[in-house]
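K.L.:
sequence first, predicted model second:
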Amino acid sequence: MEEKVQNSFLFFLLVIFLTVFTASSDSFPSLIWPESEPLEFDPESSNTLTLPLHHVDVLFFNKTSEELFYLMLQRDAARVKAFTSKAAGEESNKTQLRFPRSRKGFRSPIISGFPHGTGAYYTRIGIGTPPRYVNLFLDTGSDVIWLQCKPCKICYNQTDEIFDPEKSTSFDEISCNSSLCQLQDQPGCNQKNQCQYQVTYGDGSGTSGDLSTETLTVGKTRLQRITFGCGHDNEGDFGGTAGLMGIGGGSLSFLGQVGTRFNKKFSYCLVDRSHSQKPSSIIFGDSAIPRTARFTPLLKNPNPRLNGFYYVELLGISVDGIPVRGISPSLFRFDQYGNGGVIIDSGTTVTQLIKPAYLAFRNAFRVAAAHLKRGPETESFDTCYDLSGLREAKVPTVVLHFRDVDVSLPAKNVLATLKTNKTGPSCFAFAQWGGPFSIIGNIQQQGIRIAYDLAGSRVGFAPRECV
C-alpha cells in the first residue's frame with residue numbers, strides 16, 4: 001500500500017519543471033463568469049493593508065534542477081503520509097480561542113514556491129517586537145504556526161536570520177498548566193514548567209520546541225499574543241523558509257486564533273506557477289470576499305479529528321460540456337469513519353482523485369483530446385501530448401461541478417508542459433492516489449480567487465487573475 005501511494009505521488013515530481021502552455025482564449029472560456037467582468041471587493045477594502053511582494057528565487061540559488069526534483073519528492077511524500085496519518089488517528093483541537101471582534105482586514109503577499117520545487121506558497125510576516133521579517137509556508141492543510149528559533153539544537157538552513165526570542169520585547173513563554181498548552185493534541189512539558197510542542201512529518205522531518213506567544217506583524221497590522229511553536233530542534237528541508245503558517249480549521253492555526261477578529265473570512269489568489277513574480281495576496285476580513293464569488297457549502301467530516309481540513313462537495317466533472325460517466329456524488333461521500341470527501345488544499349500541488357474517479361476522468365479527456373498528437377508517457381504522467389511547433393492548441397474544457405457552483409478551469413490548469421529540456425510533452429495535470437479522500441491541489445486553483453467564509457460555512461470561487 002505504501003509503495004502504491006508513493007508511486008502515485010511520483011506524479012508530483014516533475015511538477016517543478018512545469019511551465020504554462022499558452023493556449024488561445026477559446027481554449028478556456030469560463031462557463032460561469034465572463035472574463036471581461038472586473039473583480040470587485042467589498043467597499044470596506046479601505047481597511048485592507050497591502051505588503052510589497054518579494055520573489056523567492058534567492059531561496060534556491062544554490063540548487064540544481066535535479067536537486068529540486070528530489071526535494072519535491074521528499075516534500076510530497078511527507079505530505080501524503082501526514083494526511084493519511086491524521087486520517088488514521090490524530091486527535092483534533094477542540095477549543096476555540098477568542099479575540100475582540102473587528103471589521104478591519106489586512107492582506108499579505110503570497111509568492112509561488114513552484115519554481116523551487118516546494119509545491120507550496122510563501123507569505124512574509126514580521127515576528128516579534130521590533131519585527132523581524134521571515135518567509136513562512138502558507139498551508140490550509142495545517143493547524144499550527146511554527147518557525148525556527150535560537151538557540152538551535154538542530155536547525156536547517158534558512159534564507160532569513162533565525163529568530164532570536166531574547167531580542168523581542170513581546171515574546172512570552174507558555175506554562176504547562178495554561179489552557180493554551182492543553183489545546184495541543186499531545187501537550188508536553190519540560191523541567192522548567194514550559195509548554196512544549198512537537199510536529200512530525202511523514203518523511204521523518206519535523207520541529208519541536210517551546211509553545212510560546214508573540215506579536216505578528218502583517219503589513220501595518222500588529223497581532224498580539226499569537227500562539228506559535230518556537231522551534232529549537234528542526235530537521236528537514238523546508239525550502240529555505242523559516243517555518244510554516246497553518247491556516248487550517250484547528251484552534252492553534254492562524255485562522256483559529258484570529259478568525260473571529262476578522263469575521264472568519266479570508267481569500268487567496270495563487271500566482272501562476274510559471275510567472276511567480278506576478279503579485280498575489282491573501283486577504284483576511286470582510287474585504288476578502290469578492291462580490292463576483294459563487295459559493296459552495298463547506299462540509300463537516302463525521303470524524304471530528306479531520307475537521308481541520310476544508311471539505312467541499314464535488315458532484316461531478318465534465319469535459320467539453322459532457323458529464324464524465326462513472327463520476328457521481330456517491331464516489332466522494334463520507335463513510336461512517338470519515339473516509340471519503342474532497343479537500344481543497346493550498347499545499348498539495350496537483351489534484352489527487354481516488355482511482356475510479358481519476359480513470360473515468362482521464363479516459364474522457366483522452367477522447368476529447370483525440371485531435372491532439374499523443375506524446376510519450378513519462379514515469380509519472382500517463383497522458384501526454386506533443387504540442388511542439390504549435391502556436392495555439394484547442395485544449396478540451398474541464399469543469400468541476402460542486403454543489404451550487406461550477407468552476408471552469410483554464411487550459412493551463414488542465415494541461416501543462418514538462419520542461420525537462422528546451423521543449424517537452426504537455427501532460428494531463430491530475431493524478432490518482434490510494435488515499436481515503438480526494439484533494440483539489442493548487443495548480444487547479446491558480447488564477448482563481450478562493451474565498452473562505454467560515455462564518456457562513458462556505459467557500460467561493462471568483463475566476464479572475466490574481467490582484
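P.N.:
Ah, there it is. Residues are numbered from 1 along each chain as shown.

K.L.:
can I see the domain layout of this structure?
P.N.:
The record's domain parsing of the chain by automatic domain parsing lists 2-39+293-462, 43-287.

K.L.:
could you dump these to a markdown table with mean neighbour count?
P.N.:
Where you see a C-beta, it was placed from the backbone N, CA and C, and this is true even at glycine. What follows is those, written out as a markdown table (neighbours: other C-beta atoms under 10 Å):
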| stretch | mean neighbour count |
| --- | --- |
| domain 2-39+293-462 | 19 |
| domain 43-287 | 19 |
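
K.L.:
which stretch in these has the least confidence?
P.N.:
For the domains of the chain, mean pLDDT drops lowest on domain 43-287, to a mean of 74.

K.L.:
ok, Leu270 touching Leu138?
P.N.:
No - using C-beta atoms under 8 Å, Leu270 is not in contact with Leu138, being 9.5 Å away.

K.L.:
and Ser168, how far is that from Cys152?
P.N.:
Going from Ser168 to Cys152 by C-beta to C-beta, to the nearest Å gives 16 Å.

K.L.:
doesn't Val134 lie inside a strand?
P.N.:
Yes - per DSSP: H, G, I helix; E, B strand; the rest coil, Val134 lies within a strand segment.

K.L.:
what's near enough to touch Gln194?
P.N.:
Gln194 makes contact with Glu173, Ile174, Ser175, Cys176, Asp210, Leu211, according to C-beta atoms under 8 Å, 6 or more residues apart in numbering.

K.L.:
from Cys181, how far off is it?
P.N.:
9 Å.

K.L.:
cool, Val342 as well?
P.N.:
To Cys181, Val342 is 34 Å away according to C-beta to C-beta.

K.L.:
try Glu214
P.N.:
15 Å.

K.L.:
swap in Val405?
P.N.:
Taking C-beta to C-beta, one finds Val405 at 41 Å from Cys181.

K.L.:
just Ile283 next, same as before
P.N.:
On the measure of C-beta to C-beta, Ile283 and Cys181 end up 31 Å apart.

K.L.:
equivalent analysis for Gly460, please.
P.N.:
For Gly460 relative to Cys181 (C-beta to C-beta), the value is 36 Å.

K.L.:
and Phe238, by the same measure?
P.N.:
25 Å.

K.L.:
ok, Gly428 - contacts?
P.N.:
Wrong residue type there; residue 428 is Phe, not Gly. Contacts of Phe428 by C-beta under 8 Å, 6+ apart are Arg362, Phe365, Phe381, Asp382, Thr383, Cys384, Val414, Leu415.

K.L.:
shouldn't the second one be within a helix?
P.N.:
By that I understand Phe365. Yes - counting by three-state DSSP, Phe365 is found in a helix.

K.L.:
quick one, what contacts the residue nearest to it when sequence neighbours are not counted?
P.N.:
In this structure, Phe365 finds its nearest non-sequential neighbour in Val319, 5.4 Å apart by C-beta to C-beta, 6 or more residues apart in numbering. Contact analysis of Val319 by C-beta under 8 Å, 6+ apart lists Phe361, Ala364, Phe365, Val367, Ala368, Pro396, Thr397, Val398.

K.L.:
quickly list what Gly316 is bridged to.
P.N.:
His401 (DSSP bridges).

K.L.:
right, and it touches Ser328 too?
P.N.:
Yes - if you go by C-beta under 8 Å, Gly316 and Ser328 touch, sitting 6.6 Å apart.

K.L.:
which residues touch the nearest residue to Pro329 once chain neighbours are set aside?
P.N.:
Excluding the flanking residues, the one nearest Pro329 by C-beta to C-beta, 6+ apart is Leu315, at 5.0 Å. Residues in contact with Leu315 (C-beta under 8 Å, 6+ apart) are Ser328, Pro329, His401, Phe402, Arg403.

K.L.:
what about 7 Å?
P.N.:
Taking C-beta atoms under 7 Å, 6 or more residues apart in numbering, we find Leu315 in contact with Pro329, His401, Phe402, Arg403.
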